[in-house]
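Chemist: sharing a model prediction with you, sequence too.
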Amino acid sequence: MRWRIRNNGRTERGAAAVEFAFVVIPLLFIICMIVNFGVIFAQQLSLDNATRAAARAGVVDTDPPADVSARAEDEFASTIARTSAGDLDITFPGDAGDSCEGSEFGDMLAVRAEVTTDVVIPWIFPDAVLPDSFDLESEAAFQCEFN
């Protein structure tokens with residue numbers, strides 16, 4: 001005896017392609033978010049390291065005094081994270097200014113760096129939902145301990 005399965009003329013051909021289309025779009029979006037987050041996080045770490053190295057150079061390198069802005073630029077430019085970042089903006093909010101030369105004992109040499117970075121993989125959403133660029137900032141301060 002043979003059993004016939006009736007399908008009323010409908011087959012399931014193409015169902016896998018439709019399911020794949022529903023799954024691949026959110027999956028690609030999640031992968032793009034992970035890649036963009038990783039690059040921006042790496043740039044933030046590089047900016048923190050460059051700011052810290054520049055502030056330390058300003059305190060330690062006394063003869064001749066270190067060019068703190070150039071040191072921060074060099075440190076940040078030497079990383080792979082520099083690829084999609086803009087120009088580094090360096091300010092000195094501390095008591096000592098841009099070097100410890102002529103400062104009082106206990107003055108702080110502070111270096112503040114800001115940079116605007118673009119995402120590596122552009123979003124499909126408008127800027128109101130997910131921005132195409134992020135402002136990163138970092139600050140490091142060391143105490144001047146010489147006259």
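Modeler: Structure's in. What do you need? Numbers count the residues shown, from 1 in each chain.

Chemist: mean confidence score for the helix or strand where I25 lies?
Modeler: Assigned by DSSP states H and E, I25 belongs to helix 15-60. On average, the pLDDT along helix 15-60 is 89.

Chemist: next one: that helix to chain centre, how far?
Modeler: 7 Å (Cα atoms, centre = their mean, to the nearest Å).

Chemist: next: stretch 45-61.
Modeler: Relative to its chain's centre, stretch 45-61 lies at 17 Å (Cα atoms, centre = their mean).

Chemist: ok, now which ones touch the closest residue to P93 other than its chain neighbours?
Modeler: Nearest residue to P93, sequence neighbours excluded (Cβ to Cβ, 6 or more residues apart in numbering): A110, at 4.9 Å. For glycine as for every other residue, the C-beta is placed from the backbone atoms N, C-alpha and C. Residues in contact with A110 (Cβ atoms under 8 Å, 6 or more residues apart in numbering) are 55, 92-94, 96, 139-141.
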